[in-house]
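1. Provided below for reference: sequence and predicted model.
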Amino acid sequence: MTTPDQASPAGQETPPTCYRHPNRETWVSCVRCGRHACPDCLRQAAVGQQCVECVRGAGQRQPRTALGGRLVTNAAVTWTLVGINVLVFLIEVVKPNLLYAWAMVGTPVLTPGGIQSGVLNGQWYRLLTSAFTSPGTSLSGLGFLDILFNMWVLVVIGPSLEQQLGRVRFLAVYLLSALGGSVLFYYMEPHGEAAGASGAVFGLFGAWFIIARKLHLDVRGIVTIIAINLAFSLYFRSSIAWQDHVGGLIVGALTAVAFAYAPRKNRTAVQVGAALAVLAVLIVLVVFQNHALTRLLSSGGTTPRTPGRGPRSSATWWRVPRRR
């Protein structure tokens with residue numbers, strides 16, 4: 001049905017005209033945009049009549065997923081992330097200094113690649129680049145096992161999650177989870193070192209749980225996986241940065257809540273705003289931690305000693321980063 005305006009509103013002397021033909025009077029308006037249009041500029045739609053521009057726009061609109069993302073038929077972002085992680089690992093094997101330059105380091109540390117200033121002294125990029133490194137520089141040992149496990153998980157759950165969220169939202173969950181893991185690690189162990197993609201992967205675990213609940217799917221499998229991995233992380237906490245896992249899990253779940261439960265009206269705006277809000281909170285937390293550590297060091301405080309790591313001074317001694 002059309003949406004003819006009722007009789008001329010009180011006080012309105014001049015009838016409205018077609019938005020494309022100002023010389024044509026009409027009381028009929030488009031059911032989508034509300035603009036008045038003459039019969040030549042209206043088209044019959046499933047419900048009512050729409051102006052030609054709305055009809056044209058509807059034909060060009062891409063299909064969306066249930067969560068508002070653009071419908072995708074492949075896992076381009078997932079495979080790109082896998083490729084980047086594998087490439088960085090192979091570069092580490094050839095050039096180990098890349099690990100020292102990109103790993104998560106909060107405060108100054110002395111490494112085989114020289115003194116690394118850490119996040120405290122302006123190297124904020126480590127909060128993200130550490131998620132693309134591996135805690136090892138050889139094709140065997142901890143580094144290889146770390147990237148093997150993380151990439152296997154990414155390949156298993158990434159494509160399905162990317163199809164549900166859409167590429168941009170999926171990438172946002174991955175990167176925000178990586179940052180969330182690094183920020184919690186920085187808060188709980190500011191003088192430690194860590195590397196690996198597990199924070200981002202745990203964020204995908206959290207996102208998958210939220211989306212499965214939203215879509216009324218069985219969540220027992222993902223809950224079991226999360227529980228087993230958290231228990232494993234805590235049991236081997238001396239060599240695994242469990243803080244990064246927990247931080248990634250929390251941020252991934254919170255971001256997914258915002259994406260999955262955003263109101264349909266202005267959904268994209270709400271989702272973008274929520275992602276930016278999460279990013280802003282993480283930035284503020286890092287600023288606060290930097291301020292707290294700066295006050296501690298300026299007041300004569302010292303960094304805690306770790307057995308086997310050598311004396312503390314303006315820089316600490318390097319050890320193999322813990323697996324994330």
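-> Looks like it came in fine. The shown structure was predicted, so the numbers you read here are calculated from the model rather than taken from an experiment.

2. Run through the strands of the stretch 1-150 of the chain in chain order.
-> Secondary structure of the stretch 1-150 of the chain by DSSP state E, counting those that start in this stretch: the strands cover 3-4, 28-29, 42-44, 49-51, 104-105, 109-111, 114-116.

3. right, and these - which one's nearest residue 267?
-> Distances from residue 267 to each of these were compared using C-beta to C-beta; the shortest belongs to strand 49-51, at 21.3 Å. Placement of C-beta: from N, CA and C, glycine included.

4. same for the closest one, what does it pack against?
-> If you count contacts as 3 or more C-beta pairs under 8 Å, 6 or more residues apart in numbering; DSSP states H and E, strand 49-51 packs onto strand 42-44.

5. residues of the strand it packs on that come out buried?
-> If you call a residue buried by 16 or more other C-beta atoms under 10 Å, then strand 42-44 has these buried ones: residue 42.

6. Would you check how far apart the nearest residue to residue 32 once chain neighbours are set aside and residue 41 are?
-> Counting by C-beta to C-beta, 6 or more residues apart in numbering, residue 32 lies nearest to residue 54, which is 4.3 Å off, once chain neighbours are set aside. As for residue 54, its distance to residue 41 is 10 Å (criterion: C-beta to C-beta, to the nearest Å).

7. re the thing from before, please work out which of the strands of the stretch 1-150 of the chain is packed deepest.
-> Of the strands of the stretch 1-150 of the chain, the one with the most neighbours on average (mean count of other C-beta atoms under 10 Å) is strand 104-105, at a mean of 30.

8. Just checking: what are the partner strands of it?
-> Within its sheet, and counting by DSSP bridges, strand 104-105 is paired with strand 193-195 (antiparallel).

9. since we're on the residue nearest to residue 32, how many residues are nearby?
-> Residue 54 is flanked by 20 other residues according to other C-beta atoms under 10 Å.

10. list the contacts for it?
-> Residues counted as contacts of residue 54 (C-beta atoms under 8 Å, 6 or more residues apart in numbering) are 30, 32, 33.
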